[in-house]
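K.L.:
Predicted model and sequence below, questions to follow.
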Amino acid sequence: MKPIDPRVHQALDGEIAREALPPELALQVARLEAAVAVLGMVVSPGAGADESVEARVMAAIRRPAPSRMWRLARWLAAPHSVTLRIRPAWSLALAAAVALVTLLPAGDETPSIGEQEGIAQFVARFPGANSVHVAGSFNDWRSGTIPLQDPDHDGVWRTAVVLPAGAYEYMFVVDGERWVPDHLADRTVEDDFGRENSVVIVRPATR
Amino acid sequence: MRLWLGLALLTGPLAAQSVKVRLEGRVPAAAMAIVDSLVQQARQEDLPTEPLVQKALEGGAKHVSAERIVAAVQLRLVQMRDAHALLVRAGHGPPFTAAEVMAVSGTLKRGVAAPVVERLVAALPNESRGSALHAEADLVAHGFDPDSSAGLLVEATRRSLRGGRLLDVSAAVLHEQQRGHTRAEALALVRLQLPNVPPAPKPPKASVAGARRPGASTGAAPQP
């Protein structure tokens, strides 16, 4: 849109004579005056328009105020724009914290133990061993599934296993090949292969 | 009726198949067929099959020859037949749970005489038999008189001790012996304490927190 020349304003306001205007500006002034005349006819200050506006305003004033619930419902239903201002550094830190909590396992994770389950503790001294596992009737005699740990390298290996209450035969497997009975076990039984298995009795932990 | 017949026809071969799957690759091929037939025999006689499978798996894991594995599984089957017969003699009618048969079998294997086991089985309620048999075997293994030990355990049951608490009785007797009492004195002292024998200490929280579950499936185990 082209800006209106200030002289047109001045002519319309009667501050300068129209004859003082150049012909093209005088034409603009004439057109504007014609447009104002047309508008004046359409929106003439007749009785109907003013009454209509007044009636509408007064009707709105007289209408009883909506209840709180109605206003709340309207507020909830109406769309609102929400502006959230976040520093990128904080949002990254928050995301990292959430990832840590959800992805990393807890250090002292306690297994849930059923009513008819208990803990079997296995402790053995094997100085110089590279690995010690326990195998028995609780894990189908698989020699590599339950390792014992020796975190301080003092030769004492240990682990604890959750098992259904009952009696189990077992042996230690040292360095993946040497089958050794538990010399600390209270009970032993012949394994029918010329050696002895150790026996552990697991009692319900919730006794 | 048709449904049950159908289920029986279906589960038999499935169970046999699952045994073969468990033994495959873990037991020498030469032993597989015989072990499988022994397992089928046990199933037909309503005996537990899991101890036979476990014995075969144990032999395979220990790299024992096929002949020795078969011999050990056969022996285990005989032991379970003996245990089953003892349970019948003691006045209990079949069917027996796997835990019952295995508890009796294990106690006989640990050197407790059949008449003593029979006496305990006949005298004790079902939920206490397994633990009582383990306790009796513990005491007999430490040189205690089998009849006196069995008498103490029956008395403990009469004084309302049940289940794993019977293992506390044998533990208390062994504790008294370690304190310098003779075996007879230890038995008498604990009999006087009944039913207030000290309970076994619970495992420390640290070991419970670090406990893990074994990866492989576990077989049925006699309840303590």
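P.N.:
Done, it's in. Numbers count the residues shown, from 1 in each chain, chains lettered A, B, ... in the order given.

K.L.:
Can you tell me how far B:Val154 is from chain A?
P.N.:
Noted for B:Val154: a distance of 20 Å to chain A, by C-beta to the nearest C-beta, to the nearest Å. For every residue, glycine as well, the C-beta is placed using N, CA and C.

K.L.:
what separates the helix or strand hosting that residue from the chain centre, distance-wise?
P.N.:
According to DSSP states H and E, B:Val154 maps onto helix B:146-158. Chain-centre distance of helix B:146-158: 19 Å, with C-alpha atoms, centre = their mean, to the nearest Å.

K.L.:
Closest residue of chain A to chain B?
P.N.:
Closest approach of chain A to chain B (C-beta to the nearest C-beta) occurs at A:Gly166, with a separation of 2.5 Å.

K.L.:
is it true that that residue touches A:Pro204?
P.N.:
No. In this structure A:Gly166 lies outside contact range of A:Pro204 using C-beta atoms under 8 Å: 10.0 Å.

K.L.:
quick one, which of these two is more surrounded?
P.N.:
The residue with more neighbours, out of A:Gly166 and A:Pro204, is A:Gly166; 26 against 17, by other C-beta atoms under 10 Å in any protein chain shown.

K.L.:
for that one, phi and psi?
P.N.:
phi 160, psi -180 (degrees, to the nearest 10).

K.L.:
pLDDT wise, what is it at?
P.N.:
pLDDT recorded at A:Gly166 is 87.

K.L.:
what's across from it in the sheet?
P.N.:
Taking DSSP bridges as the rule, A:Gly166 bridges to A:Val202.

K.L.:
what about the helix holding B:Val154, average pLDDT?
P.N.:
Helix B:146-158 comes out at a mean pLDDT of 93.

K.L.:
So for it, what gets flagged as buried?
P.N.:
For helix B:146-158, the neighbour count (16 or more other C-beta atoms under 10 Å in any protein chain shown) marks B:146, B:148-154, B:156-157 as buried.

K.L.:
Could you do stretch B:182-193 as well?
P.N.:
Buried, per 16+ other C-beta under 10 Å, within stretch B:182-193: B:183, B:186-187, B:189-191.

K.L.:
Filter the residues you listed down to just the ones in helices.
P.N.:
Counting by DSSP state H, the buried residues of stretch B:182-193 place B:183, B:186-187, B:189-191 in helices.

K.L.:
The residue lying closest to B:Arg89 once chain neighbours are set aside: helix or strand, and which one exactly?
P.N.:
Counting by C-beta to C-beta, 6 or more residues apart in numbering or on different chains, B:Glu118 is the residue found nearest to B:Arg89 once chain neighbours are left out, at 5.9 Å. Secondary structure assignment for B:Glu118, by DSSP H and E: helix B:114-123.

K.L.:
buried residues in that helix?
P.N.:
Applying 16+ other C-beta under 10 Å to helix B:114-123 flags B:116-121, B:123 as buried.

K.L.:
to the chain's geometric centre, what's the distance from the lengthiest helix in chain A?
P.N.:
Using DSSP H, we find that the single longest helix of chain A is helix A:23-42. Mean-position distance between helix A:23-42 and its chain equals 64 Å (C-alpha atoms, centre = their mean).

K.L.:
Helices along chain A, start to end?
P.N.:
Going by DSSP H, chain A shows helices at A:6-12, A:23-42, A:47-62, A:68-77, A:88-103.

K.L.:
Kindly reformat these as TSV containing distance to chain B and mean neighbour count.
P.N.:
Formatted as TSV, the helices of chain A follow (distance: least, C-beta to the nearest C-beta, whole Å; neighbours: other C-beta atoms under 10 Å in any protein chain shown):
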stretch	distance to chain B	mean neighbour count
helix A:6-12	87	16
helix A:23-42	87	11
helix A:47-62	70	9
helix A:68-77	48	9
helix A:88-103	19	9
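
K.L.:
Make CSV out of those and add mean pLDDT and distance to B:Leu38.
P.N.:
Formatted as CSV, those follow (pLDDT from 0 to 100; distance: least, C-beta to C-beta, whole Å):
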stretch, mean pLDDT, distance to B:Leu38
helix A:6-12, 85, 115
helix A:23-42, 81, 110
helix A:47-62, 67, 97
helix A:68-77, 87, 74
helix A:88-103, 81, 49
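
K.L.:
so can I have CSV of those helices showing distance to A:Tyr170?
P.N.:
Formatted as CSV, the helices of chain A follow (distance: least, C-beta to C-beta, whole Å):
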stretch, distance to A:Tyr170
helix A:6-12, 104
helix A:23-42, 103
helix A:47-62, 88
helix A:68-77, 65
helix A:88-103, 35
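
K.L.:
among these, which is nearest B:Ala66?
P.N.:
Minimum separation from B:Ala66 across those (C-beta to C-beta) falls at helix A:88-103, 48.5 Å.

K.L.:
Only alpha carbons, please: show the closest one as PDB.
P.N.:
Taking C-alpha atoms only, helix A:88-103 is exported to PDB below (Å, rounded to 0.1, in the frame of the first residue of the first chain):
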ATOM      1  CA  PRO A  88      19.300 -26.200  27.000                       C
ATOM      2  CA  ALA A  89      21.900 -27.000  29.600                       C
ATOM      3  CA  TRP A  90      19.300 -27.800  32.200                       C
ATOM      4  CA  SER A  91      17.200 -29.900  29.900                       C
ATOM      5  CA  LEU A  92      20.200 -32.000  28.900                       C
ATOM      6  CA  ALA A  93      21.100 -32.500  32.500                       C
ATOM      7  CA  LEU A  94      17.500 -33.600  33.300                       C
ATOM      8  CA  ALA A  95      17.600 -36.100  30.400                       C
ATOM      9  CA  ALA A  96      20.900 -37.500  31.600                       C
ATOM     10  CA  ALA A  97      19.500 -38.000  35.100                       C
ATOM     11  CA  VAL A  98      16.400 -39.800  33.800                       C
ATOM     12  CA  ALA A  99      18.600 -42.100  31.700                       C
ATOM     13  CA  LEU A 100      20.800 -42.900  34.700                       C
ATOM     14  CA  VAL A 101      17.800 -43.800  36.900                       C
ATOM     15  CA  THR A 102      16.100 -46.000  34.300                       C
ATOM     16  CA  LEU A 103      19.000 -47.700  32.600                       C
END
